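Asker: with the input below, show me the fold.
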Amino acid sequence: MSSNPLEKKIGILGGGQLGKMLYQAATPLGLDIHFMDQSKEFPVGRICPNFIEGSFKSYEDVMAFGKDKDVISIEIEAVNVEALRDLEKSGKDVFPQPEVIALIQDKGEQKQFFEDINIESPAFSLVESLEDLKEKIEEGSIQYPFVQKLRRDGYDGRGVTVIKTEGDLSTAFDAPSVIEDLVNIDKEISVIIARQSDDSIAIYDPVEMVVDPNANLLDRQIAPAAISSQLAAEAKLIASTIAYELQIVGLLAVEMFVDTEQRLWVNELAPRPHNSGHHSIEACHTSQYAQQLRAIVGLPLGDTQLVSPSLLMNILGEPGHTGPAFYEGLESCLALSGVHVHIYGKSITKPQRKMGHINIVDHNLDSAKEKYDLIKSSLKVISHG
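Answerer: Residues are numbered from 1 along each chain as shown. The predicted structure follows:
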């Protein structure tokens, strides 16, 4: 294994848009970075020559991919942890560590972890099935309204449903789940932190996330978050406490709720780059992608300072359109100052599919919001042909 960070051979499990942006962040330093996912038609496979086809859920594929790498990391959590454990035992650096990934893969274990380290998170209970949920409602241990989250494999708003009344049980999941009290949410925020094995950290200022209630996906993100300096400091302290308790090496996104009484509740964790950190590519001195790479190879962590206020918006596939993607109205968006378009390279659009994002950087957020409104009304991802 090379001791020179710039010479380490890096393997990333996953080839989606986060991987694509990791690859783009690796090129300025000439890092030797490789990816594995199921198809070269995925975003990374379209641009990175060091891409092999394979399943990050397969023990054999992960072992074969990792055997000649110095460092193995992820851009998605749903990977084969047993293979990563065995690679770690063989002397490979696996960051984030397999035990961290395993904990975060299971939302029930996440909730128990928060409780164990005295981090405030919405009160919860665990159910094994829909029948189990109904029995606990009948006996009174679970009361309406509540949020149900699948313990495993939920992402991008999938695997989460809000149950307000008995009539909503038709949307409930029949699978092992976490049941949480419903918080009176004023804002949703996120804090991204990087940690290295020597306990050095770099932490980004909190950002606000505005969720599209229909798609249950991030519609826009605002940096900086419109919260008090005291609350921002508290959020950053919570994120650093979690990172230290996990002993994570790499990047960690900590999603939180601010309730109507301005109290913080931790929602979920992501041990990788996160949608709430895309703004950092243009709006911060060091992007979250460059930061993850610095953290896992042992380079000095970068400056996280926000250079300019920014507003991020997801580019989603239009409802009713499935097929080859066409970006209607893109030219008018590109003509706007401070507008940075990131198209992920997915050839097929689907309703509400993440097709890209836009970072709007400006001298103030009011001006950025005007550009957001203009783009929102003009840019549409439709099927073409």
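Asker: roughly how far does the nearest residue to residue 316 once chain neighbours are set aside sit from residue 383?
Answerer: Closest residue to residue 316 apart from its sequence neighbours, by CB to CB, 6 or more residues apart in numbering: residue 352 at 5.2 Å. Glycine gets a C-beta too; all of them are placed from N, C-alpha and C. Distance of residue 352 to residue 383, given as CB to CB, to the nearest Å: 14 Å.
Asker: tell me where the model's unsure across the stretch 51-200 of the chain.
Answerer: For the stretch 51-200 of the chain, the stretches flagged by pLDDT under 70 are 155-157.
Asker: the stretch 201-350 of the chain now?
Answerer: 215.
Asker: re earlier: burial count for the residue nearest to residue 316?
Answerer: Counted with other CB atoms under 10 Å, residues neighbouring residue 352 total 18.
Asker: what about it, helix or strand, and which?
Answerer: Following DSSP states H and E, there is no helix or strand that holds residue 352.
Asker: residue contacts, residue 59?
Answerer: Residues near residue 59 by CB atoms under 8 Å, 6 or more residues apart in numbering: 80, 82-83.
Asker: now those residues: which count as buried?
Answerer: Taking 16 or more other CB atoms under 10 Å as the criterion, what is buried in these is 80, 83.
Asker: wait, which of the contacts of residue 59 is closest to residue 364?
Answerer: Relative to residue 364, the closest of those is residue 80; by CB to CB it sits at 46.5 Å.
Asker: could I get the phi/psi values of the closest one?
Answerer: When quoted as degrees, to the nearest 10, the phi and psi of residue 80 stand at phi -80, psi 100.
Asker: so it sits right up against residue 62, yeah?
Answerer: Yes: using CB atoms under 8 Å, residue 80 makes contact with residue 62 at a distance of 4.8 Å.
Asker: so what sits against both of those two?
Answerer: Contacts common to residue 80 and residue 62, judged by CB under 8 Å, 6+ apart, are residue 56.
Asker: I'd like the contacts of residue 59 as JSON lines, with distance to residue 196 appended.
Answerer: What follows is these, written out as JSON lines (distance: CB to CB, whole Å):
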{"residue": "80", "distance to residue 196": "25"}
{"residue": "82", "distance to residue 196": "26"}
{"residue": "83", "distance to residue 196": "24"}
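Asker: quick one: stretch 205-219 to chain centroid distance?
Answerer: 12 Å (CA atoms, centre = their mean, to the nearest Å).
Asker: so residue 339 makes contact with residue 358?
Answerer: Yes: counting by CB under 8 Å, residue 358 is a contact partner of residue 339 at 6.2 Å.
Asker: which residues do those two both contact?
Answerer: In contact with both residue 339 and residue 358: 333, 375, using CB under 8 Å, 6+ apart.
Asker: now do the helices in this protein.
Answerer: Per DSSP state H, the chain carries helices over the ranges 17-26, 59-66, 81-89, 98-105, 107-116, 130-139, 229-246, 280-283, 288-297, 330-334, 365-378.
Asker: can I get those helices in CSV including distance to residue 319?
Answerer: Formatted as CSV, these follow (distance: least, CB to CB, whole Å):
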stretch, distance to residue 319
helix 17-26, 21
helix 59-66, 35
helix 81-89, 36
helix 98-105, 31
helix 107-116, 28
helix 130-139, 28
helix 229-246, 34
helix 280-283, 28
helix 288-297, 30
helix 330-334, 19
helix 365-378, 15
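Asker: quick one, which of these is nearest to residue 176?
Answerer: Closest approach to residue 176 among these is made by helix 107-116 (7.3 Å; CB to CB).
Asker: got a list of contacts for the closest one?
Answerer: 102-104, 120-121, 124, 126, 149-152, 154, 176, 178, 180, 245, 266, 268-269.
Asker: can I see the domain layout of this structure?
Answerer: Per the record, the chain has its domains at 5-94, 123-181, 185-383, by automatic domain parsing.
Asker: can I get those domains in JSON lines with distance to residue 114?
Answerer: Converted to JSON lines, these look like this (distance: least, CB to CB, whole Å):
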{"stretch": "domain 5-94", "distance to residue 114": "17"}
{"stretch": "domain 123-181", "distance to residue 114": "9"}
{"stretch": "domain 185-383", "distance to residue 114": "6"}
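Asker: residue 234 reaches residue 264, doesn't it?
Answerer: Yes: Residue 234 is in contact with residue 264 according to CB under 8 Å; the separation is 6.0 Å.
Asker: those two - which one has more neighbours?
Answerer: residue 264 (20 against 17).
Asker: gap between that one and residue 110?
Answerer: Distance from residue 264 to residue 110, by CB to CB: 16 Å.
Asker: same deal with residue 318?
Answerer: For residue 318 relative to residue 110 (CB to CB), the value is 34 Å.
Asker: tell me the spacing between residue 287 and residue 196.
Answerer: Taking CB to CB, one finds residue 287 at 17 Å from residue 196.
Asker: compare these two (neighbour count), which wins?
Answerer: Taking neighbours as other CB under 10 Å, residue 287 and residue 196 compare with residue 287 leading, 23 against 20.
Asker: now do the same contact list for that one.
Answerer: 21, 25, 277, 280-281.
Asker: if you rank the residues you listed by neighbours, which is first?
Answerer: That'd be residue 277 among the contacts of residue 287, by other CB under 10 Å, with 29 neighbours.
Asker: and the strands in the stretch 151-300 of the chain, which stretches?
Answerer: Counting by DSSP state E, counting those that start in this stretch, the stretch 151-300 of the chain has strands at residues 160-163, 177-181, 185-195, 201-203, 207-212, 217-223, 250-259, 264-270.
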